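> Show me the folded form of this:
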Amino acid sequence: MFGYVKSNLFSALKPIQAGFIWMFRHRCIVVCCSAIPRSVLSLLMVSIICGSMVRVSGQEPTWRAREGLPVGSEAERYLRVLQLTGAAPLYPWTLRSFAPGELALAVPVSTEHLWQSQIDFSLESPIGWELEWIQPKAVFISNSAYPFGENDGAIWAGKGLTAVFGGGGVLRYGPIHLRLAPEVSWSENEYFDLADNGYSQSAAYWDDLHPGTIDRPQRFGEEPYVRTDLGSSALHIALPGVSVGLSGSGQQWGPALSYPLLLGQNAGGFLHAFGQTSSPVDLWAAHFNARYIVGWPTQSDFSPAQAAGGSRFVTGAVISLTPRGLHGLELGGARFIHSIPSETGFRIRDAFRLFTGVTETSTGSQNRLAENQLASLFFRWAFPKAGVELYGEIVKEDYARDLRHVIEEPEDVMGRVFGFQKAWVQPDKRVVVFRAETVSTLVHHSERFDRFRLGNSPLRLFYNGGVHQGHTHGGQLLSSPTAYGGSGWTIGVDSYHAQGRWTLDVFRALQTEFSTIHSGTEGPGMSDVIYSLKLEAVQFRDGFEWRTSLVPSLNLNRNLIQENDVFNLSIELSIRGLPW
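Got it, this is the predicted structure:
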């Protein structure tokens, strides 16, 4: 369906030349580019030039399976719907991103599907060295009153305008799959009222719930904020049964759509080395998939962390089991550890901390101050004949005191998410999906004023007294911000048609009901909560993927100030595709 022709390098570089002329005529863009680290800017330029030298077509698909499947992409979302309708084979969805070799087991066998003219699922093996474009993208977001956005990768969409640009290429050669897809984002970062956290000067930007013990700034200073990121870049080397490599791409562990509890797309990806199964391992009683990582998340310029110069490393492992005889059921678990390196640096035995015990007293040798541990259990059960899937996840932070405590209070320091989807295939082949998801990490009532109080402030998931960055990367949570706030829900409807998708979402997010300035009191007696309505349209036209969203939201009692109700309008336009 998709025929390719070799492009002429000179012709392909003409639009790039025109683009540079345009950039130099616009000072704001020159200023943004000057703030980009040379290494990332060089990576972006190499990706563009390599892509200019390789395969381009007159009718380029918006996504090709052989380029890899980034977490959170439109193609990934669509593939999950195809699984639900039976158009794609069932494959474990709770351990992502997929290795390139896994996609052959997950994509539709038939070329007949709703977006067949927009997505190329073919997976031919490369013949010699093969270079291809990754479709470039541009994203523009405007927030009228306060920062707003979640699960949008490395983007921090502050008040005012935010712009994101990305692009790159894919190199395939035998067992090697190299994807270079860096991103650059710029936020106007206009002034808005900060919540009082009891600090002044630059520390006033710290988180208002747990300032000093989590790297989650309310605002990234007073100047426009520029961030560079590896995007969905990754190197995979296929070995018998496994794939190993180095990646900066986002990951998602668990089945959640809106509120991932352990790892999701809220902060984008961090640099990590990995090893994962490239196809399910047959254990007779179940098929087994797994992924192991050692990574190096970063902190923001406003991080309160001082130990080890702010450096840390993470180790993590996730497994997924599909039991024999229970079609469509996935069961899994994960463990994730943040560690501050010792004076001798990373030691081999640190990589095996994941396999130590799960109960420990606060004075035990396993419960180390310079660590922050999280673990999760999850399930997903899909019924393609009925077009239904059910899923859930629980996450716990730190060690349980002992086995008796686990039995008595399994919900101690725990968050949980539950959701479902139902898909209907219409006579005209459109697919309509109804979905709902809820999350809660609220304090258990029996211990609200006991273990869950630290200085008379409720203890939350994802922050830590020993690792002061908390469960974050680059100043943003690696999990769901709504889960950090305490609770939320989303109800949505999607309508997939041959030329795109329409979506309507209604959601509620509890921001907080207690902040640090209320320590020593019974609290403010109110909740900071946001209600939002999201209207979104995806449209394929002339080789482009256009996405537009409109999100009016009302923040009640913002910053825990009585009747301080603030309206925000978030508008997003994204374009993905080659302009020539």
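> which stretches of the stretch 51-200 of the chain form helices?
Secondary structure of the stretch 51-200 of the chain (DSSP state H, counting those that start in this stretch): helices at 74-85, 103-106.
> oh sorry, the question was meant for the stretch 401-550 of the chain
Assigned by DSSP H, counting those that start in this stretch, the helices in the stretch 401-550 of the chain fall at 403-408, 481-485.
> Take the helices of the stretch 51-200 of the chain and lay them out in JSON lines including distance to residue 168, mean neighbour count and mean pLDDT.
C-betas here are computed from N, CA, C, even on glycine. Shown next, in JSON lines, are the helices of the stretch 51-200 of the chain (distance: least, Cβ to Cβ, whole Å; neighbours: other Cβ atoms under 10 Å; pLDDT from 0 to 100):
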{"stretch": "helix 74-85", "distance to residue 168": "16", "mean neighbour count": "20", "mean pLDDT": "94"}
{"stretch": "helix 103-106", "distance to residue 168": "18", "mean neighbour count": "17", "mean pLDDT": "91"}
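> hang on, the earlier thing: any idea which of the helices of the stretch 401-550 of the chain gets closest to residue 494?
helix 481-485 (19.9 Å; Cβ to Cβ).
> distance between the closest one and the chain's centre?
14 Å (Cα atoms, centre = their mean, to the nearest Å).
> Just list the residues touching residue 546, thanks.
The contact partners of residue 546, by Cβ atoms under 8 Å, 6 or more residues apart in numbering, come to 500, 537, 538, 539, 540, 573, 574, 575, 576.
> switch to 6 Å and redo it
Counting by Cβ atoms under 6 Å, 6 or more residues apart in numbering, residue 546 touches 539, 575.
> before we move on, the earlier item: could you dump the helices of the stretch 51-200 of the chain to JSON lines with distance to residue 121?
Converted to JSON lines, the helices of the stretch 51-200 of the chain look like this (distance: least, Cβ to Cβ, whole Å):
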{"stretch": "helix 74-85", "distance to residue 121": "9"}
{"stretch": "helix 103-106", "distance to residue 121": "8"}
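> Looking at these, which is nearest to residue 191?
Smallest distance to residue 191 across those (Cβ to Cβ): 33.6 Å, for helix 74-85.
> So what touches the closest one?
Under the criterion Cβ under 6 Å, 6+ apart, residues 63, 69, 88, 90, 108, 119, 387, 389, 423, 425 lie in contact with helix 74-85.
> From the residues you listed, which shows the smallest pLDDT?
Within the contacts of helix 74-85, the minimum per-residue pLDDT falls on residue 63 (83).
> That one contacts residue 119, correct?
Yes - if you go by Cβ atoms under 6 Å, residue 63 and residue 119 touch, sitting 5.2 Å apart.
> For residue 149, which of the helices of the stretch 51-200 of the chain is the nearest?
helix 74-85 (16.8 Å).
> In space, what's closest to the spatially most central residue of the chain - neighbours in sequence excluded?
Note on the chain: the residue nearest the mean C-alpha position is residue 265, at 0.5 Å, using Cα atoms, centre = their mean. Nearest non-adjacent residue to residue 265, counting by Cβ to Cβ, 6 or more residues apart in numbering: residue 72, 4.1 Å away.
> So what's the residue count around the one you found?
Counted with other Cβ atoms under 10 Å, the neighbours of residue 72 add up to 18.
> Could you report the separation of it from residue 275?
22 Å (Cβ to Cβ, to the nearest Å).
> What are the phi and psi values at the residue nearest to residue 106 when sequence neighbours are not counted?
Once flanking residues are discounted, residue 106 sits nearest to residue 91: 4.1 Å by Cβ to Cβ, 6+ apart. Per-residue torsions, residue 91: phi -150, psi 140 (degrees, to the nearest 10).
> quick revisit: and the residue nearest to the centre of the chain, that's in a strand?
No - assessed with DSSP: H, G, I helix; E, B strand; the rest coil, residue 265 is coil; it does not lie in a strand.
> Let me see the contact set for it.
Residues near residue 265 by Cβ under 6 Å, 6+ apart: 71, 72, 151, 153, 250.
> Identify, from the residues you listed, the entry nearest to residue 417.
Distance ranking of the contacts of residue 265 against residue 417, using Cβ to Cβ, places residue 151 first at 12.9 Å.
> Got the confidence number for the closest one?
You'll see residue 151 listed with a pLDDT of 91.
> before we move on, what about residue 125?
For residue 125, the predicted pLDDT is 82.
> Highest neighbour count among the contacts of residue 265?
Tallying neighbours with other Cβ under 10 Å puts residue 250 at the head of the contacts of residue 265, with 29 neighbours.
> so it is in which element?
Assessed by DSSP states H and E, residue 250 sits outside every helix and strand.
> and which of the contacts of helix 74-85 is nearest to residue 318?
residue 69 (17.1 Å).
> Quick check: that closest one touching residue 98?
Yes - contact criterion Cβ under 6 Å: residue 69 and residue 98 qualify, at 5.3 Å.
> Comparing these two, which shows the higher neighbour count?
Ranked by neighbour count (other Cβ under 10 Å), residue 69 and residue 98 place residue 98 first, with 26 against 20.
> list the contacts for the more buried one?
residue 69.
> and if you look at residue 475?
With contact taken as Cβ under 6 Å, 6+ apart, residue 475 is in contact with 215, 217, 300.
> ok, now residue 293?
Contacts for residue 293 were tallied using Cβ under 6 Å, 6+ apart; they are 272, 274, 316.
> picking up where we left off before, quick one: the contacts of residue 475 as TSV, columns for neighbour count and secondary structure too.
Below are the contacts of residue 475 laid out as TSV (neighbours: other Cβ atoms under 10 Å; DSSP: H, G, I helix; E, B strand; the rest coil):
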residue	neighbour count	secondary structure
215	28	coil
217	25	coil
300	23	coil
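> Please identify which of those residues is nearest to residue 521.
Closest approach between the contacts of residue 475 and residue 521, by Cβ to Cβ: residue 217, at 25.1 Å.
> Thought residue 204 was touching that closest one, still the case?
No - between residue 217 and residue 204 there is no contact under Cβ under 6 Å: 9.8 Å.
> returning to that earlier point: which of the contacts of helix 74-85 fall within strands?
Residues of the contacts of helix 74-85 located in strands (DSSP state E): 63, 119, 389, 423, 425.
> quick check, nearest of the contacts of residue 265 to residue 161?
residue 153 (17.3 Å).
> contacting residues for that closest one?
For residue 153, the contacting residues are 265, 268, by Cβ under 6 Å, 6+ apart.
> repeat for residue 276
99, 243, 291.
> Could you check how far the nearest residue to residue 174 once chain neighbours are set aside is from residue 181?
Take residue 174 and drop its neighbours on the chain: the residue closest to it by Cβ to Cβ, 6+ apart is residue 126, 7.2 Å away. For residue 126, the distance to residue 181 equals 18 Å [Cβ to Cβ].
> Neighbour count for the two, which is higher?
Ranked by neighbour count (other Cβ under 10 Å), residue 126 and residue 181 place residue 181 first, with 27 against 16.
> my read: that one touches residue 134, true?
Yes - using Cβ under 6 Å, residue 181 is in contact with residue 134, at 5.1 Å.
> For the nearest residue to residue 194 once chain neighbours are set aside, grab the count of nearby residues.
Nearest non-adjacent residue to residue 194, counting by Cβ to Cβ, 6+ apart: residue 218, 5.0 Å away. Close neighbours of residue 218, defined as other Cβ under 10 Å, add up to 20.
> Shouldn't residue 218 be within a strand?
No - counting by three-state DSSP, residue 218 is not found in a strand; it is coil.
> Surely it touches residue 192?
No - with contact defined as Cβ under 6 Å, residue 218 does not reach residue 192; the gap is 8.8 Å.
> all strands for the stretch 351-500 of the chain, in order.
Secondary structure of the stretch 351-500 of the chain by DSSP state E, counting those that start in this stretch: the strands cover 371-383, 388-397, 414-425, 431-440, 472-473, 476-477, 487-497, 500-512.
> Let's have the ones you listed in CSV, adding mean neighbour count.
Listed next are the strands of the stretch 351-500 of the chain as CSV, based on neighbours: other Cβ atoms under 10 Å:
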stretch, mean neighbour count
strand 371-383, 21
strand 388-397, 21
strand 414-425, 20
strand 431-440, 19
strand 472-473, 28
strand 476-477, 24
strand 487-497, 19
strand 500-512, 19
